[in-house]
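[1] sequence unavailable; structure follows:
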């Protein structure tokens, strides 16, 4: 008996290929959080134009502390930068990333949302928020944010990967497969440059 337009064997083939692609993407990592450490970068952010003085100092200090594994210290420094410059989208993004790494998902969502409110074209904040939604098993919101990040940067490997992962979790094997193929295409193009 056939199942859908592809039939049982065709759907099974898509599932197998999707799983192989997903496993290849995950091959070097043991856990979800370890994997996201490798593909999402939020720290060591260049200072945006117009940020200087003490706010810049606290922001850069937050990046240093984060890179050295002092997550609570980094959160404190980003918070100090935000006290001095409340419209500092990059500080909200980086504090959100640190909060997420510290398993403070609700605080991270609030900070990524604030960064997006301040800068609606901030692809990193959309990508990072997608990862939090994935972690919360909110795959539809994850896909929405990852899609927006991809609209802003079609070569955003992190957004393509997390969207593919979310599509896979929802059983949308074809969409997941397309995203994983695109990840491979972007990587090959970047290596060929």
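    Perfect, I can see it now. Since this is a predicted model, take the numbers as computed values, not measurements.
[2] tell me who's in contact with residue 149.
    123, 124, 126, 127, 130, 156, 158, 159 (C-beta atoms under 8 Å, 6 or more residues apart in numbering). Any C-beta I mention is one placed from the backbone N, CA and C, and that applies to glycine too.
[3] so the last one is in which element?
    Taking DSSP states H and E as the definition, residue 159 sits inside helix 157-169.
[4] and the next helix or strand after that helix, what does it pack against?
    Downstream of helix 157-169, the next assigned helix or strand under DSSP H and E is helix 173-191. Applying 3 or more C-beta pairs under 8 Å, 6 or more residues apart in numbering; DSSP states H and E, one finds that helix 173-191 makes contact with helix 7-26, helix 157-169.
[5] which stretch in these has the least confidence?
    Between those, the lowest average pLDDT goes to helix 7-26, which shows a mean of 52.
[6] one step back: what does the helix holding residue 159 contact?
    18, 21-22, 25, 39-40, 123, 126-127, 130-131, 133-134, 137, 139-140, 142-143, 146-147, 149-150, 153, 173, 175-180, 182-183, 186-187.
[7] in that helix, what's buried?
    157, 158, 159, 160, 161, 162, 163, 164, 165, 166, 167, 168 (16 or more other C-beta atoms under 10 Å).
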